[in-house]
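K.L.:
My questions concern the predicted model and sequence given below.
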Amino acid sequence: MEKMYVRLAGRVRVNTSSLNAQGTVGNVIELARAHILLKLDGGFELVEVPVITGNTFKHWHFVHFVTAYKELGGEKLCEYCKRLVGYRSPDTKGRDERYFVERCAGEDLHGFLQPERGVRRESLVKASFLIPAEDCETRFDIITHNRVVVSEQGTVPRGQQGMMLFKRQYSSSLYGFSLALDLYYVGRLLYAGSDELVVGEEEAKRRGKASLLALLPLLAGEVGASRSRAQPVWRVEELIAAWSPKPLPSLVHGHYADYVEQSVRTIASFSKLTGAEAEIVVYGIDEGAFSRLEETLRSVGVDSRVKLVRRDSWQGVVEYLVDKYESSGSAR
């Protein structure tokens, strides 16, 4: 196979986290919140919940991608990407997409905008908000912290502020998410219409592999702010990944209780209508649920084209994707 499009969705259990603050009210540092629509008692209701924004989720994939890319021997990074800064490119020498794709792996994978020249590239990585699962309760807590100023003698100096109190919000919830990676277009021009590969095949595969390796620290919880004093108590509960040589529809967001079943049905319908082959890898699904997923593929009539695989760890799902990418010839 010469192409690889990857789609992921899942759920992570996150306790006592403050990963996405949005400002202060008085001396309280508040979490980012948004209203989501929940189906309650036969109707719909808007509920305010803590969220981790797609901007945050995508940024940390970018950070881990750059780190992995360097570890794999990659050297093509602009000055901003080298410093893990996702920024509108100030490079006015570039007059077209090719210029930036050839010179910077970060701008190739995560997109860019050069406003003076009006040159842009859409990101090959698309990330959702992390929002609480619809079938799980969410709580906010406010915890008081303090900072104490002491003299060299260990006393609080008179006339100075000896103690500063501040409060920070924390939340605990089961968060759902979804991700998409269009790895076929790594190193290729999006808008020329020719799918021309403008970097070497080895360089393209290095970039693509780094994008998958970045999933390991990302899904291990290296996401967001305030981790120096509030490293989240984070655990991946469920994960589903699908890949195909053809552009796949997105999987159903992990917010929804039936996202695994509906995601498999979506891929099955896509395969039925297009003849596309695909593989689906799942973690956190019990044997009974897995059997029902197999039955879904059989009932749609695509069990010979859509392979369903179960792994006993979420890390095994990522390993599976990396192995498939390395053997797929995706850069050709």
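P.N.:
Yep, that arrived.
K.L.:
Just the helices from the stretch 151-300 of the chain, written as ranges.
P.N.:
Assigned helices in the stretch 151-300 of the chain, in chain order: 201-213, 215-219, 259-274, 287-300 (criterion: DSSP state H, counting those that start in this stretch).
K.L.:
Among the ones you listed, single out whichever gets nearest to K76.
P.N.:
helix 201-213 (6.9 Å; Cβ to Cβ). C-betas here are computed from N, CA, C, even on glycine.
K.L.:
in the closest one, what's buried?
P.N.:
Within helix 201-213, the residues that qualify as buried are E203, A204, K205, R206, R207, G208, K209, A210, S211, L212, L213, counting by 16 or more other Cβ atoms under 10 Å.
K.L.:
Ok, stretch 239-258 next?
P.N.:
239-246, 248, 250-256.
K.L.:
Repeat that for stretch 123-133.
P.N.:
Applying 16+ other Cβ under 10 Å to stretch 123-133 flags S123, L124, V125, K126, A127, S128, F129, L130, I131, P132, A133 as buried.
K.L.:
number of nearby residues for E279?
P.N.:
As a burial measure, E279 scores 17 neighbours (other Cβ atoms under 10 Å).
K.L.:
can you check G118 too?
P.N.:
G118, neighbours per other Cβ under 10 Å, totals 8.
K.L.:
just to revisit the earlier point, dump the helices of the stretch 151-300 of the chain into TSV; add mean pLDDT and distance to E79 as well.
P.N.:
Below are the helices of the stretch 151-300 of the chain laid out as TSV (pLDDT from 0 to 100; distance: least, Cβ to Cβ, whole Å):
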stretch	mean pLDDT	distance to E79
helix 201-213	97	18
helix 215-219	98	23
helix 259-274	98	40
helix 287-300	97	47
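K.L.:
for those, which one sits closest to W60?
P.N.:
Short answer: helix 215-219, nearest of these by Cβ to Cβ, at 5.9 Å.
K.L.:
Flag the shaky bits of this protein, pLDDT-wise.
P.N.:
1-2, 23-27, 141, 143, 153-154, 156-164, 230, 329-332 (pLDDT under 70).
K.L.:
how does it look with 50?
P.N.:
By pLDDT under 50, the low-scoring segments of the chain are 1.
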